[in-house]
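>>> sequence? don't have it. structure:
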């Protein structure tokens, strides 16, 4: 969405420059007619009318683009806030489940790493332990949670979280 905002801003600036050009041309034409004290011809009036209409249309387009930009920014803020709340709810939900299952602090860390998608070797590196230790603790986690794999563990969280997540945040 950031790229769309930049595009709208650039387009608005370009249109604003065009408005300035048309306004300068209109003033220039009027000034030229006043100095020359010549009655404008039909073509001059058509030309002037077209420039005024073009400037007005460009001003309207700028207003529409700026309104659209403001709406996009408001929607972005609302979605960011919704995501922040959802992340907080997910974190609270996960921690409550860990407590309910009686996971030890080490098992909680490993389960969290598993939910984040880290491999056994990545978890071992992050915790500065042997892969065998991580595998043993993973087996304990699976036994306590009643699942057979990390995919089932993740599925368990997603299924249960989506069932308890408030409708307003979805």
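Yep, it's here. Owing to the predicted nature of the structure, the values given are computational and were not obtained by experimental measurement.

>>> run a quick neighbour tally on residue 40.
Applying the criterion other C-beta atoms under 10 Å, we find 15 residues in the vicinity of residue 40. (Glycine included, C-beta is placed from N, CA and C.)

>>> just the mean pLDDT for the longest helix along the chain, thanks.
Taking DSSP state H as the assignment, the helix of the chain that covers the most residues is helix 42-101. Here helix 42-101 scores 85 as its mean pLDDT.

>>> immediately after it, which helix or strand?
Toward the C-terminus, helix 42-101 is succeeded by helix 105-115 as the next helix or strand (DSSP states H and E).

>>> which residues sit against that following helix?
Helix 105-115 has contacts (C-beta atoms under 8 Å, 6 or more residues apart in numbering) with 94-95, 98, 103, 122-123, 126-127, 134, 137-138, 140-141, 144-145, 150, 153-154, 157.

>>> quick check: buried residues in it?
The neighbour-count check on helix 105-115 (16 or more other C-beta atoms under 10 Å) flags 107-114 as buried.

>>> which one of those residues sits closest to residue 8?
The nearest member of those to residue 8, counting by C-beta to C-beta, is residue 112 at 39.8 Å.

>>> still on that earlier bit, now the buried members of the contacts of helix 105-115.
Burial of the contacts of helix 105-115 was assessed by neighbour count (16+ other C-beta under 10 Å); the buried members are 94, 98, 103, 123, 134, 137-138, 140-141, 144-145, 150, 153, 157.
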